[in-house]
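In: give the three-dimensional model of this entry:
(2 chains)
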Amino acid sequence: MVNPLVECVESRRRALVSSCLVALAVLAAGSGGVRAQALANPPQASAQDALSARFEVSAQAVRASKGGDLTATVLLSRPSPRAVEVAFQTSGTAIAGVDYVIDQSPLVVPPGETRADLHVTIRPATTPDTDKSLFITLVPGQPRGPSLVGVASHDGIGGPFSSHVVHLAPIELGDPLPGLTGAELTSFNKGRETFEHRFTPSEGLGPFYNATSCESCHSKPVTGGAADLYRNFYLAVYQFGPTLPQQSASIPPFLSAVVPAFGSGVDHATTTQFTLEGGRPLIPDTVFGFPVLSAQRNSIPIFGVGSFEFVSNATILSHADPDDLDGNGVSGRANTALAGTAMGRLGVKSQSNNIELFTRAPLQNQMGITTNPFMGPGSIVSLPLSPVQVSGDPNAPTFDHDPVADPELSSERLGDLIAFTRFLAPPVPKPFDADAAAGAAIFSQVRCTDCHIPSLPSSKGPVRAYSDLLIHFMGDTLVDKLKFGEAPTTTTDFRTQPLWGVSHFAPYLHDGRAPTIMDAIQMHAGEAQTSHDLFMALTEAQRLQVIVFLEHL
Amino acid sequence: MSPIQTQNRRTALRLALVALLGTLSAGASYLAPSDPPVPGVGEAGGPTTALSPPDMAKWLAGRKVFDRDFVVPLGLGLPNYNANSCRACHSDPAMGGAGPLEVNVSRFGHDGAGTETFVNLPGGQAASKLRPPPDGTRENYPSGLPNPADNADVFEQRQTPTLLGLGLVDTIADSTILANEDPFDLDGDGIKGVARILMVNGNPEVGKFGWKAQIPRMSDFVRDAMGGEIGISVPDDGRGFAFTDSDAVPDPELSQLDTDTLSFFLANLGPPPGGDSQNPSAQAGKVVFQSLKCAVCHRPSLNSSIPGVRVGLFSDLLLHDVQPPGFHGMEEPGAASGMYRTPLLWGINKTGPYMHDGRAETLEQAILGHHNEAEFSSQGFVALTPGSKADLLNYLASL
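Out: Numbering: from 1, shown residues only, chains lettered A, B, ... in the order given. Take a look at the predicted model:
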């Protein structure tokens, strides 16, 4: 008795590093048919892309004693203007031509279409007492990766049928994580539409803003990326109390440390009228007689940041060495709050660990778009009551003084926006050439990897971001004195910036002061002084090899 | 975060996701993409006419300058700046085009809330958005001195106008513009119109560019914008529009060659393509456009000084006051508060938002935002049947 089934054996959320197996056919023991078994191909998360294919198998029964036909449908994620060849492999103890016949290889999806059927003819059993297995595996496109799809045997386990994605070409910047379900992909795509949407005053833009869309500051080289220098914005706070600069607050009427480039009339706090004639908010020298601190920020890319949520606190802490007990000059601190239970990962000072908050905060602070918490109270585990974050209680709805009713973004669109950020795939490294490989070795030798740790384990597999997600002192010239959390060192330290895809995201450092990667390396000091000095002592050719290596990430 | 929290959030997120099968769309391109494909003649961002290979090479070289991301070592900043490339603001719908609200620029001055004579505050009218990092200040005054902007009570934002077709506008003779002036409304239609007269080296010239027609020639615009917006000094041609700056890079920061090719690119950057003008509704809208006297100021075309060439810009290049009662804004000699050059309407469907500060999100809002000299037109629009309104909007969209 043939009992085909398809089962997703692992959470779709594991798609970053793992994936589901698909059982095409199970030929039960005793009937002398072909028996399919689980094929445990270790998938390669980083080899995925926008054009993808998946198997879809409907419930069919073939009696192995009599033989019969199985049909598996290959579905493309989208039509292609060219014919798409979907390669597959067969393996197992079943013998082609004896136990089964497949006469299409490769399977070809015609131009403009999204499906093609794979026909498997099961031949009548010749050896009635022997189980045989058949694996049919879609082969991802070059340059790498074995299949994500296998054929499994699960005696007695019936439907429901699921499907699975195999990617046909390397992932590109802006693509979703591989292995998303249809619903997740829909949300991702809708989220990208909202991410690229230019908000207008009648939709709630303002009364203060720096940008009219998320894309405004996250579009280089594609949506979700970084931004040129002209998209920089200012942060400013005033200091009060005896422990300057740890005690600071946002400048009225701003709701956070973000200083908007555009705003409404002079009476900012009470105005109910959004007006483009309004005064450009200035950064005052003092507030209530207290000194004002200000600094610039350059936009950072968001590719792959969803994976940071799945790096455990323990993993982050395992690299921390706040008192430099090992005496190597590199310390590294976690940006924590709530007695260490909230540990930052996101932002240039690791000031947040929650993508929802990291979405809602810029919506409010950069665009004046208000939202309600998506998950409700208790879901936010980010650093509380930080003036650089959402105003006041991060669990609370955001509000503003323009004429558009709050919240200005619906829960559905906010959810999609969060999904977009969560599901944006990390940049994929290019295959290393000789120079890049040499550069990688030098990168480690000069101890850049002390902080730019190539890979962190996470519950979703390795996160190859080249960051420890800790904050470090980078020398006096980089200090901006702005407090980003409970730890006093947040006034001086910066997070180790992830380096995946780094060549796309110039300019560099928190305020974009470094036009090139080389400039950025040369501006490393403080805890990075030793690495800086070792790097500068290299030959020029070796330094270039390091740059080449970084350009491959 | 605890595993429990993670699981809860995940579960709830799933519930919120809409269970529909989606399709993948290709990754969107950079907002203002660098080095985009070269459009053809007649396409937005393409050259005005087919260029010879050497001219095309020069045009492309100029486009590269327009596309260049300036950095501090190249002279970015006066030290103030608003953007680090021309492309940054002029990108809708193609390189050289208009810009969204967020690349507006700000101006300020003082007029005692309308009770005093307008004065420029120290540092001038422009309020630049940025200084090169790591500078934490962004005002136009040296740190530690009183901030002149503290005394500002007039603020005005300015939208990025499209540069497509600028070179053709540059060929319109001063006398052609002056011929349509009616400063005293002698014809009694309620519409005046006055040319912006600028003294250049002691000689009067008509301003053609900028919201207040404050720039007479395209070559002046290049110097003004490179200096004022990017902080890049350009070789001085003695006409008074070139900036020098106080950063560490010697002036001029743009070479003569780059300046020439940039000017050549702009001079040969074609006007924006129109839409479907043969559409019957648009044809009917054309009649409405005429009957509402829109065409008195938004003149469909002006003669170029090049024989036989008419420039279909939909502007008289004159200053008019169409602001609502009580408006008070920036003043310049020869361009009082509320006086703005008639904006060009070609390609307007792709250059929103509208009006000098971008207050109008749609063309309909822009029409309704016309007052004073344009009161007849906007009131006439309000009185139109829905069908005629649609016709007019279709016509505008076809320009």
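In: in chain A, where's the longest helix?
Out: helix A:182-196 (DSSP state H).
In: list the buried residues for that helix?
Out: Residues of helix A:182-196 classed as buried by neighbour count (16 or more other CB atoms under 10 Å in any protein chain shown): A:182-192, A:194-196. Where you see a C-beta, it was placed from the backbone N, CA and C, and this is true even at glycine.
In: do stretch B:34-41 as well
Out: B:36, B:39.
In: repeat that for stretch A:518-538.
Out: Result for stretch A:518-538 [16+ other CB under 10 Å]: buried residues A:518-521, A:523-528, A:531-532, A:535.
In: pick the one among these closest to chain B.
Out: A:Asp519 (9.2 Å; CB to the nearest CB).
In: and the helix or strand that contains A:Asp117, what's buried?
Out: Using DSSP states H and E, A:Asp117 maps to strand A:115-122. Under the neighbour-count criterion of 16+ other CB under 10 Å, strand A:115-122 has A:116, A:118, A:120, A:122 buried.
In: now stretch A:463-479
Out: A:463-475, A:478-479.
In: export that stretch as CSV, just CAs?
Out: Taking C-alpha atoms only, stretch A:463-479 is exported to CSV below (Å, rounded to 0.1, in the frame of the first residue of the first chain):
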residue,chain,number,x,y,z
VAL,A,463,24.2,34.0,13.2
ARG,A,464,27.2,34.9,11.0
ALA,A,465,27.0,38.6,11.7
TYR,A,466,30.6,39.2,12.8
SER,A,467,29.5,40.8,16.0
ASP,A,468,29.4,39.9,19.7
LEU,A,469,26.4,42.3,20.2
LEU,A,470,28.3,43.8,23.1
ILE,A,471,29.2,47.4,23.6
HIS,A,472,32.8,48.5,23.7
PHE,A,473,34.7,51.7,24.4
MET,A,474,36.0,52.9,21.1
GLY,A,475,38.2,55.7,22.2
ASP,A,476,37.6,59.3,23.2
THR,A,477,37.0,60.7,19.7
LEU,A,478,34.1,58.4,19.2
VAL,A,479,32.4,59.0,22.5
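In: need phi/psi at the residue in the stretch 201-350 of chain B that chain A sits nearest to.
Out: The nearest approach of the stretch 201-350 of chain B to chain A comes at B:Gly329, 7.2 Å away (CB to the nearest CB). Reported as degrees, to the nearest 10, the phi and psi values for B:Gly329 are phi -140, psi -160.
In: what about it, distance to A:Pro252?
Out: 27 Å (CB to CB, to the nearest Å).
In: neighbour count: those two, which is higher?
Out: The residue with more neighbours, out of B:Gly329 and A:Pro252, is B:Gly329; 23 against 12, by other CB atoms under 10 Å in any protein chain shown.
In: quick one: residues contacting that one.
Out: A:277, B:154, B:156, B:323, B:337-338 (CB atoms under 8 Å, 6 or more residues apart in numbering or on different chains).
In: export the residues you listed as TSV, with columns for pLDDT, secondary structure and neighbour count.
Out: Below are the contacts of B:Gly329 laid out as TSV (pLDDT from 0 to 100; DSSP: H, G, I helix; E, B strand; the rest coil; neighbours: other CB atoms under 10 Å in any protein chain shown):
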residue	pLDDT	secondary structure	neighbour count
A:Glu277	50	coil	17
B:Val154	82	strand	23
B:Glu156	86	strand	25
B:Gln323	94	coil	21
B:Ser337	93	coil	18
B:Gly338	94	coil	20
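In: let me know the closest of these to A:Gln542.
Out: B:Glu156 (54.3 Å; CB to CB).
In: regarding the residue of chain A found nearest chain B, what is its secondary structure?
Out: Closest residue of chain A to chain B, CB to the nearest CB: A:Gly174 (2.7 Å). Under DSSP: H, G, I helix; E, B strand; the rest coil, A:Gly174 falls in the coil class.
In: which stretches of chain A form helices?
Out: Going by DSSP H, chain A shows helices at A:182-196, A:313-318, A:355-362, A:411-423, A:434-445, A:517-522, A:529-536, A:540-551.
In: residues in contact with the fifth one?
Out: Contact partners of helix A:434-445, identified using CB under 8 Å, 6+ apart, comprise A:430, A:432, A:449, A:452, A:534, A:538, A:542, A:544-552.
In: can you mark which positions in that helix are buried?
Out: Buried residues in helix A:434-445 (16+ other CB under 10 Å): A:435-436, A:438-440, A:442-443.
In: how about those residues in a markdown table, adding pLDDT?
Out: Below are the buried residues of helix A:434-445 laid out as a markdown table (pLDDT from 0 to 100):
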| residue | pLDDT |
| --- | --- |
| A:Asp435 | 94 |
| A:Ala436 | 94 |
| A:Ala438 | 96 |
| A:Gly439 | 96 |
| A:Ala440 | 96 |
| A:Ile442 | 97 |
| A:Phe443 | 97 |
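In: now the two most distant members of those.
Out: A:Asp435 and A:Phe443 (12.1 Å).
In: which SSE is the residue of the stretch 151-300 of chain B found nearest chain A in?
Out: Nearest residue of the stretch 151-300 of chain B to chain A (CB to the nearest CB) works out as B:Phe155 at 4.3 Å. Element membership for B:Phe155 (DSSP H and E) is strand B:154-158.
In: partners of that strand, with directions?
Out: strand B:105-109 (antiparallel) (DSSP bridges).
In: rounded mean pLDDT for the next helix-or-strand element following the strand it pairs with, please.
Out: Using DSSP H and E, the helix or strand that follows strand B:105-109 in sequence is strand B:126-127. For strand B:126-127, mean pLDDT is 80.
In: just give me the neighbour total for B:Asp67.
Out: B:Asp67 has 20 nearby residues by other CB under 10 Å.
In: which ones are touching it?
Out: B:Asp67 neighbours (CB under 8 Å, 6+ apart): B:34-35, B:85-87, B:95.
In: closest to chain A among these?
Out: B:Ser85 (7.1 Å).
In: can I get the buried residues of strand A:115-122 in a markdown table with distance to chain B?
Out: Below are the buried residues of strand A:115-122 laid out as a markdown table (distance: CB to the nearest CB, whole Å):
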| residue | distance to chain B |
| --- | --- |
| A:Ala116 | 17 |
| A:Leu118 | 20 |
| A:Val120 | 25 |
| A:Ile122 | 30 |
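In: quick one: which of the residues you listed is nearest to B:Trp211?
Out: A:Ala116 (58.1 Å).
In: domain parsing for the chain?
Out: All of this is about chain A. Annotated domains of chain A cover A:1-171, A:434-551 [automatic domain parsing].
In: please refer instead to chain B.
Out: B:53-163+B:217-267, B:280-398.
In: among the ones you listed, which gets the worst mean confidence?
Out: The bottom spot among the domains of chain B, by mean pLDDT, belongs to domain B:53-163+B:217-267, with a mean of 88.
In: pull up the distance across it, start to finish.
Out: Distance across domain B:53-163+B:217-267, first residue to last, is 17 Å (CA to CA, to the nearest Å).
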